[in-house]
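In: take this sequence and fold it.
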Amino acid sequence: MVKYRCVTSKTGYYNWGTNRPDNYLGEYCVKAKLNHLWDDGKCNYEVWFLCYTATNPASQKTYVLIREGKNWKNAQTYCRTHYTDLAMMENAEEQANMTSVKGINSAWIGMYQEAWRWSDNRDSSFRNWKANKPDNNQGYCVMSDEKYQWEDLHCKDKLPFWCQEVPKQHILMKLKIQTDADLSDPAVNGKLLQQLDALLSETTGQAHLKLKWKIQPRKQEEEKEKAEDQCPLK
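Out: Alright, predicted model coming up:
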């Protein structure tokens, strides 16, 4: 079963129909059918939808059926504007309450599958699809056209591509090192940096780190005084 979710659901309750969801040709949104069981459907279909309002106590929900055809995203916007959100049922009792107000038509509810992710595996609710896209007939990778609108295509298609430069991060680490080696020796410092670089690359998965020592001002003064004691001026 593909992973579906509700934004604020904590229980993971489902009421799927037989052999559902099947995710056929990119069905990423969920509706309650005539028999009140859940079915996945294409998000651009315009059907009735169910909203809910959170009531006191906060665990109770009041449901309302909107008898107007909208796609899933527009239905979500409508519910968030006029109510709390698209209908969310987190247990059998809430499912029964929803069933009591549902009409004869299929209706969107707040369950959905988040199928699209960025290449660094981050999630985002931002979308800029062209009309009637994605249709999942062409593939599962995304291209941006000359108007910067998105379309899904086969991942094997060869196209120009955009890259993103990741901002450099500066991280200060304080180290306490116990050693008999002379830490003022550049060769010793260089060797320690190589070992730290290898350790951090292995543990963080980040290669090509640029490490350098930053000696605290007090330490610098101590080293300066020590050098002057060893080599007094004449």
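In: hey, let's count contacts and neighbours off CA atoms from now on
Out: OK.
In: domains in this protein, by residue range?
Out: 1-112, 129-155, 186-230 (automatic domain parsing).
In: pick the most buried one from those.
Out: domain 1-112 (a mean of 18; mean count of other Cα atoms under 10 Å).
In: what about the closest residue in space to Asn189 that isn't next to it in sequence, neighbour count?
Out: Spatially, and ignoring its direct neighbours in sequence, Asn189 is nearest to Leu183 (6.1 Å; Cα to Cα, 6 or more residues apart in numbering). Using other Cα atoms under 10 Å, Leu183 has 13 other residues around it.
In: ok, now how distant is Leu183 from Trp16?
Out: 66 Å (Cα to Cα, to the nearest Å).
In: send the alpha carbons of the strand or helix carrying Gly110 over as CSV?
Out: Secondary structure from DSSP states H and E places Gly110 in strand 107-112. The C-alpha trace of strand 107-112 is given here as CSV (Å, rounded to 0.1, in the frame of the first residue of the first chain):
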residue,chain,number,x,y,z
ALA,A,107,-16.6,13.6,-2.0
TRP,A,108,-13.0,14.7,-1.4
ILE,A,109,-11.7,14.3,2.1
GLY,A,110,-8.4,15.5,3.6
MET,A,111,-6.3,12.3,3.0
TYR,A,112,-3.6,12.5,0.3
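In: other SSEs contacting whichever helix or strand comes after it?
Out: Later in the chain than strand 107-112, the nearest helix or strand by DSSP H and E is strand 141-144. Other elements packing on strand 141-144 under the criterion 3 or more Cα pairs under 8 Å, 6 or more residues apart in numbering; DSSP states H and E are strand 150-153.
In: mean confidence (pLDDT) on the strand it packs on, please.
Out: The pLDDT scores in strand 150-153 average 83.
In: mind putting the domains of the chain into CSV with distance to Thr179?
Out: As requested, the domains of the chain are exported to CSV (distance: least, Cα to Cα, whole Å):
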stretch, distance to Thr179
domain 1-112, 52
domain 129-155, 53
domain 186-230, 11
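In: where in the chain is pLDDT low?
Out: 1-9, 23-26, 56-59, 114-115, 121, 123-125, 135-140, 166-170, 202-209, 215-234 (pLDDT under 70).
In: quick one, what contacts Thr18?
Out: With contact set as Cα atoms under 8 Å, 6 or more residues apart in numbering, Thr18 has no partners.
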